[in-house]
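Colleague: Here's a sequence, model it:
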Amino acid sequence: MKRQVQSRWNHRVLAFAEKHELLFEVCRVYYDDRKPMGYARSTTVFGETKKEIRWTLRHMRKALRNPILWGGERFPEEFNAWNTTH
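Modeller: Numbers count the residues shown, from 1 in each chain. All right, here's what the predicted structure looks like:
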């Protein structure tokens, strides 16, 4: 019997090395079996109601509790403030 892969997403803070600076962005990160597999950089908050916007903002704030991940070529490596060479 083939095992089912469980896919999900959440918001995470990602670090991006852009030219000569380091930028942080809240992104939507996609997982397969709890392993980060991809991300979307759109940080636009939208919804059909104010309640949906509140839900999104609440979950974006939860992203601040998790370790930061690198975006770009180093994704999904965990960001380490002591090793920021890029």
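Colleague: Nearest residue to the residue nearest to the spatial centre of the chain in space, please, no chain neighbours.
Modeller: Nearest to the geometric centre of the chain sits R12, at 3.0 Å (C-alpha atoms, centre = their mean). The spatially closest residue to R12, leaving aside those adjacent along the chain, is V29, at 4.4 Å (C-beta to C-beta, 6 or more residues apart in numbering). (C-beta placed from N, C-alpha, C; glycine too.)
Colleague: ok, what's across the strand from the one you found?
Modeller: V29 has these beta-bridge partners by DSSP bridges: N10, Y39.
Colleague: picking that back up, part of a strand, is the residue nearest to the centre of the chain?
Modeller: Yes. Counting by DSSP: H, G, I helix; E, B strand; the rest coil, R12 is part of a strand.
Colleague: That one reaches R65, doesn't it?
Modeller: No. Using C-beta atoms under 8 Å as the test, R12 is too far from R65 to be in contact (10.0 Å).
Colleague: re earlier: residues touching the residue nearest to the centre of the chain, list them.
Modeller: Counting by C-beta atoms under 8 Å, 6 or more residues apart in numbering, R12 touches V26, C27, V29, P36, Y39, A63, N66, I68, L69.
Colleague: Tell me which two of those residues sit farthest apart.
Modeller: Farthest pair in the contacts of R12 (C-beta to C-beta) is V26 and P36. Separation: 14.5 Å.
Colleague: And the helix-or-strand element of the chain with minimal mean pLDDT, what's buried?
Modeller: Least confident helix or strand, the chain: strand 7-18 with a mean of 93, by mean pLDDT, DSSP states H and E. By neighbour count on 16 or more other C-beta atoms under 10 Å, the buried set for strand 7-18 is H11, R12, V13, L14, A15, F16, A17.
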